[in-house]
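> build me a model from this:
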Amino acid sequence: VNKTGSVRAYQFVGIEGANNGDQDGTKIPTRYLPVGQGFITEVVADGDIEFNNSQRVFIKESDADGSYNNGSVFFRGITQSTDSSSSAEDEFVMSKIRLEFKSQSGNDFRRELLLGFSEETSDDYDYGYDSRNTESYATDLSLMLDEELMMIQAYGQITQDKEVDLYLSIGSEGVFEIKATDFVDFPESQEVYLRDNLTNNYHDLTTNQSYVFTSESGEFNSRFDIVFQNDSNSLTISDEEIENVKLLFASDNNKILVLNPNRLDIENLTVFNTLGQSVYERKTAFNSEYSEYNLEELSTGTYVIKMTTSQKVVITKKIIIK
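This is a model prediction of the structure:
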């Protein structure tokens, strides 16, 4: 938690304070520390340090709504207030994006990142607003600032040509996904895309849909970035047309069924196993209202179907073959 905001807590295991390496806790810290909760300070110069009651803000438990600016999710046992005159100082508006990266196959992993944009912060290091990723893992996603891996980062105002680099590390090949789980103080008209520079796909993060991709093991500092305009001019399909396309799996005879009532042009259909390997692919373009594909030769297990339209819109579905 810092002045930009906070990311999801880890889930602790046992009594030794260890964590399972997965950001799967249920709480997102707020800017306030309740009475009795410890914290860490960084001292950057010699001098006196003073704590006094004027630095405190009283917020009733009943008023806390779990948001960053209103109460702590860790408050407990407070039933009434004795002084409600103190309040947080007014601050400038910061637009925020909360990103989530997680694995769909192999070892379970989830990472949460927070990006903030405002007139008062910059694309360089902003003390108190940027937080390093101090516990990176073999499979992980981070923001980048001057070769440093970051977990929370503030930037300057959003402009059409702004690009936010992401650093991807993959310990073992598999299937993964990235999605935006929350937008705070964001103009509804603002475009936000995840750009895959390997495939040249632009994924609209404002749709609340996941971008599913496969990757071999390695470190990739230029595959993904966040951009605020679609240079490919390819996203011409309406949300309704995309929602009308249905990927179904008939488990009784191991067939993929594609319902395409608007007859969108489909460039390819690929099936990946849990290692991210392509086990079935149909590259011939088709735009029929209904089509089916036989997967009888595949062994039992979990697979991901990925269908890509000619406008580079990706539709995915996870299936289990028994």
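
> residue 7 against residue 152, yeah?
Yes - the criterion here is CB atoms under 8 Å, and residue 7 meets it with residue 152 at 6.3 Å. The way it works is simple: take the backbone N, C-alpha and C, and place the C-beta from them, glycine included.

> need the residues touching each of these two.
Shared contacts of residue 7 and residue 152, defined by CB atoms under 8 Å, 6 or more residues apart in numbering, comprise 113, 114.

> least confident secondary structure element in the protein?
strand 18-19 (a mean of 62; mean pLDDT, DSSP states H and E).

> residues near residue 92, how many?
By other CB atoms under 10 Å, 8 other residues sit near residue 92.

> what sits against it?
118, 119, 120.

> kindly confirm my reading that the last one is in a helix.
No - assessed with DSSP: H, G, I helix; E, B strand; the rest coil, residue 120 is coil; it does not lie in a helix.

> now do the same contact list for it.
So residue 120 contacts 92, 94 (CB under 8 Å, 6+ apart).

> same thing with the second one?
For residue 119, the contacting residues are 92, 156, 157, by CB under 8 Å, 6+ apart.

> and what of residue 134?
residue 151.

> what pLDDT does it get?
With respect to pLDDT, residue 134 has a value of 85.

> could I get the contacts of residue 92 as a markdown table with pLDDT and distance to residue 261?
Listed next are the contacts of residue 92 as a markdown table, based on pLDDT from 0 to 100; distance: CB to CB, whole Å:
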| residue | pLDDT | distance to residue 261 |
| --- | --- | --- |
| 118 | 94 | 43 |
| 119 | 93 | 46 |
| 120 | 94 | 48 |
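
> quick check, nearest of those residues to residue 307?
Nearest to residue 307 among the contacts of residue 92: residue 118, at 38.5 Å, using CB to CB.

> measure residue 304 to residue 117 for me?
32 Å (CB to CB, to the nearest Å).

> just checking, residue 164 touches residue 224?
No - Residue 164 is beyond contact range of residue 224, at 9.5 Å (criterion: CB under 8 Å).

> if I look at the closest residue to residue 8 other than its chain neighbours, how far off is residue 248?
Spatial nearest neighbour of residue 8, excluding adjacent residues (CB to CB, 6 or more residues apart in numbering): residue 112 at 4.6 Å. Using CB to CB, one obtains 32 Å as the distance from residue 112 to residue 248.

> coming back round to it: from the contacts of residue 92, pick the one nearest residue 322.
Distances from residue 322 to the contacts of residue 92, taken by CB to CB, are shortest for residue 118, at 51.3 Å.
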